[in-house]
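Novice: sequence isn't available, so here's the structure alone:
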DNA sequence: CGGATGCTCGCATTCGAAGTCAGTATCGCC
DNA sequence: GGCGATACTGACTTCGAATGCGAGCATCCG
């Protein structure tokens, strides 16, 4: 046995290692390791001695060293855009909770712009994470890169058309169709749409879903203006709608709730309109502010908690069994009838 | 030299290691390592060969193995309560941005209850993070534990009275005093306070600060009811205030914005009052919803971006130089005059 | 031409825990 | 008492990259 230089853990800064504990307890390093592994074959006496020494030294196993040998880092990367966390902090909270319940830590990557993903992706892989949850855009080549490394990953609320991937989604198009059904059923004839940023997959699905359903119901014209998911862009959106067409539509469908709230305020405070008396406004997401009494927005709520739980479960399953085939789990949104839209025939 | 078993990186799942690259490039592993270290002494030719081989194999250095030998994980733990991220997602986003600009990754720990900190703290230390940002409560013993391990850490918006620690704070009491000054200056005589959860340090400081200033200005009575930072508890708070005293105060000071928004809605929609005509309501935080036209809340905005930047800088400085003494950086809030409070003498 | 200098490079070791394997003690049982 | 089975334990190797040290080589100078 090679003799290890004496490095008393008592010394400043140096954390105790399993060797230190072994020395104090007068056992081998292997024994220390085993004592910290649940289910290992260790005698009662040995365990007591080791634990005593460990407590004395304040020993905690080094997760980095463990990861190196076990090839499991017990870390999962979560990639999320600033936007998503700003407007939908629940996503991150729920993901974090789900993973931590399973003993997995979240390594967080926030993207300012979705194009930053390239740099970030390399870093993610360097950190040997056990899985990746992507709440951001990814090209097929980038997916290749991750899969080639054998790292399980799931998309959150986005996907890829040209190949099978794991994804947890809310059926944006379906929700949009429901909203349209309601609005058309209540007799609304003219429609405006405030979309989200062009590079937001979710926005595109919602907008396209709404347009498709409108077309099916015989409504050919809907004016579309582009927003950026922000409250201010909702305000601007309504104004632009009026400028573009010279008048306001009966109903406005916004690609997310926050813009819908902006629209409502623009209608009420800048244009002196009654909502829903003069104009109906609906959103999409189901953020908490949508339920506040000042707004009481009609919207489609995404079951974030279930979606996060599903994403966590899918990752965990694939960590256990990497050969599981790609799977897509789609959740329906929940229609929330608020009073921001007239839902009965006038 | 021990002969390493041949493990072609091309094989499924096995990521290429520096040995694989070395073999392909017909150089030593050390050389590969050096090529990936900026500023190392490597000839032009060698670097080209290694980089070519690395590209072929899709080699990326293993950050875990690197951390083990360098004793730097390039990860920082951020501990944040669910509440904080829900009501103030900017904090996390800004911290994450600041660290990632400096090549540091964020290992996220969200706490459901602040008492969970014990378990979490052990895990944090196991992961050999280079620093810790604590946006949660910590006892002095827990601080000891971290310091003993030699891990730099800063509190975010909380601190400890009984010992010096690194902290970045917003001066909650000062902001509360400003709000009181404004309200009293405008002639408000009776006050209600909706506090936050008992275990929220921030809430206590705001509430105490307001009470202290009220007392200084000769106002002895202020009714206090307790909320939990949620919108609903703001609604309930206003109702409880009325029940407790039989009438409503001239002004209500809420320990955060979201409760203030709940108060406003309760006043307007449940009690048929005008805000600020019949009652003034102020909050604290400066969340985005506070600025929406339906509310236009008078509040004190915390300079989150600056605070996050300061926290990041303090950690980084202490990673470079662990001997720096404890430091506390306090930011003043920014008074935002909204129309939810009457700010002129009637 | 010899020696000094400065670059590059490879060897061997290191980080800390986990796991393999072989060896030892203990036990039950005939 | 002897045998095999079982329960523990320790020595050694492994994971993958970083790095101190010294060897090899080219360059430069006198």
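Specialist: Okay, I see it. Fair warning: this is a prediction, and the values are worked out from it, not measured in the lab.
Novice: quick one: the helices in chain A?
Specialist: Under the criterion DSSP state H, chain A contains helices at A:18-25, A:29-35, A:44-57, A:63-70, A:82-87, A:89-101, A:117-126, A:140-148, A:172-185, A:201-216, A:231-245, A:257-265, A:304-320.
Novice: buried deepest among these, which one?
Specialist: Neighbour counts (mean count of other CB atoms under 10 Å in any protein chain shown) averaged over each of the helices of chain A peak at helix A:257-265, with a mean of 29. C-betas here are computed from N, CA, C, even on glycine.
Novice: re earlier: which among the helices of chain A is found nearest to residue B:234?
Specialist: Closest approach to residue B:234 among these (CB to CB): helix A:257-265, 17.5 Å.
Novice: just checking, what packs against the closest one?
Specialist: The contact analysis (3 or more CB pairs under 8 Å, 6 or more residues apart in numbering or on different chains; DSSP states H and E) places helix A:257-265 against strand A:191-195, helix A:231-245, strand A:251-254, strand A:280-282.
Novice: what is the distance between that helix and the centre of its chain?
Specialist: Chain-centre distance of helix A:257-265: 22 Å, with CA atoms, centre = their mean, to the nearest Å.
Novice: now swap in stretch A:294-309 and tell me
Specialist: Mean C-alpha position of stretch A:294-309 versus that of the full chain (CA atoms, centre = their mean) differs by 13 Å.
Novice: close to chain B, is that stretch?
Specialist: Yes: Stretch A:294-309 comes into contact with chain B (CB under 8 Å from any CB of the partner chain), by way of A:294, A:295.
Novice: kindly report the same for stretch A:310-320.
Specialist: No: under the criterion of CB under 8 Å from any CB, chain B is not reached by stretch A:310-320; the shortest gap measures 12.8 Å.
Novice: how far off centre is that stretch?
Specialist: Relative to the mean C-alpha coordinate of its chain, stretch A:310-320 is positioned 15 Å out (CA atoms, centre = their mean).
Novice: swap in stretch A:273-290?
Specialist: Distance of stretch A:273-290 from the chain centroid (CA atoms, centre = their mean) equals 24 Å.
Novice: Serialize the helices of chain A to CSV and add fields for mean pLDDT and distance to DNA strand D.
Specialist: Shown next, in CSV, are these (pLDDT from 0 to 100; distance: least, CB to the nearest atom of the strand, whole Å):
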stretch, mean pLDDT, distance to DNA strand D
helix A:18-25, 92, 8
helix A:29-35, 92, 3
helix A:44-57, 90, 3
helix A:63-70, 95, 4
helix A:82-87, 87, 30
helix A:89-101, 94, 24
helix A:117-126, 89, 9
helix A:140-148, 88, 15
helix A:172-185, 96, 40
helix A:201-216, 95, 34
helix A:231-245, 95, 44
helix A:257-265, 97, 43
helix A:304-320, 96, 17
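Novice: can you redo those as CSV with distance to DNA strand C?
Specialist: CSV is the format used below for these (distance: least, CB to the nearest atom of the strand, whole Å):
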stretch, distance to DNA strand C
helix A:18-25, 3
helix A:29-35, 3
helix A:44-57, 10
helix A:63-70, 3
helix A:82-87, 33
helix A:89-101, 19
helix A:117-126, 16
helix A:140-148, 25
helix A:172-185, 43
helix A:201-216, 40
helix A:231-245, 49
helix A:257-265, 46
helix A:304-320, 15
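Novice: ok, and the closest non-adjacent residue to residue A:159?
Specialist: Spatial nearest neighbour of residue A:159, chain neighbours left out: residue A:167 (4.3 Å); criterion: CB to CB, 6 or more residues apart in numbering or on different chains.
Novice: ok, that neighbour touching residue A:331?
Specialist: No: using CB atoms under 8 Å, residue A:167 makes no contact with residue A:331, being 11.1 Å away.
Novice: look at the two and report which has more neighbours.
Specialist: Per other CB atoms under 10 Å in any protein chain shown, whichever of residue A:167 and residue A:331 has more neighbours is residue A:167, with 22 against 17.
Novice: list the contacts of that one.
Specialist: Neighbouring residues of residue A:167 by CB atoms under 8 Å, 6 or more residues apart in numbering or on different chains: A:154, A:155, A:156, A:158, A:159, A:328, A:329.
Novice: any idea how far chain B is from it?
Specialist: In this structure, residue A:167 lies at 22 Å from chain B, with CB to the nearest CB, to the nearest Å as the measure.
Novice: what pLDDT does that residue get?
Specialist: Reported pLDDT at residue A:167 in the predicted model: 96.
Novice: please apply the same query to residue A:10.
Specialist: 40.
Novice: among the contacts of residue A:167, which are in reach of DNA strand C?
Specialist: Among the contacts of residue A:167, none lies close to DNA strand C by the criterion of CB under 7 Å from any atom of the strand.
Novice: please tabulate the residues you listed in TSV, including the columns pLDDT.
Specialist: Compiled in TSV, the contacts of residue A:167 are given as follows (pLDDT from 0 to 100):
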residue	pLDDT
A:154	96
A:155	96
A:156	95
A:158	88
A:159	87
A:328	96
A:329	97
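Novice: farthest-separated two in these?
Specialist: Counting by CB to CB, the most remote pair of the contacts of residue A:167 is A:158 and A:329, 13.2 Å apart.
Novice: okay, now the nearest residue to residue A:286 once chain neighbours are set aside: neighbour count?
Specialist: Nearest non-adjacent residue to residue A:286, counting by CB to CB, 6+ apart: residue A:301, 2.5 Å away. Residue A:301: 19 surrounding residues under other CB under 10 Å.
Novice: next one: residue A:301 from residue A:259, what distance?
Specialist: Distance of residue A:301 to residue A:259, computed by CB to CB, to the nearest Å: 16 Å.
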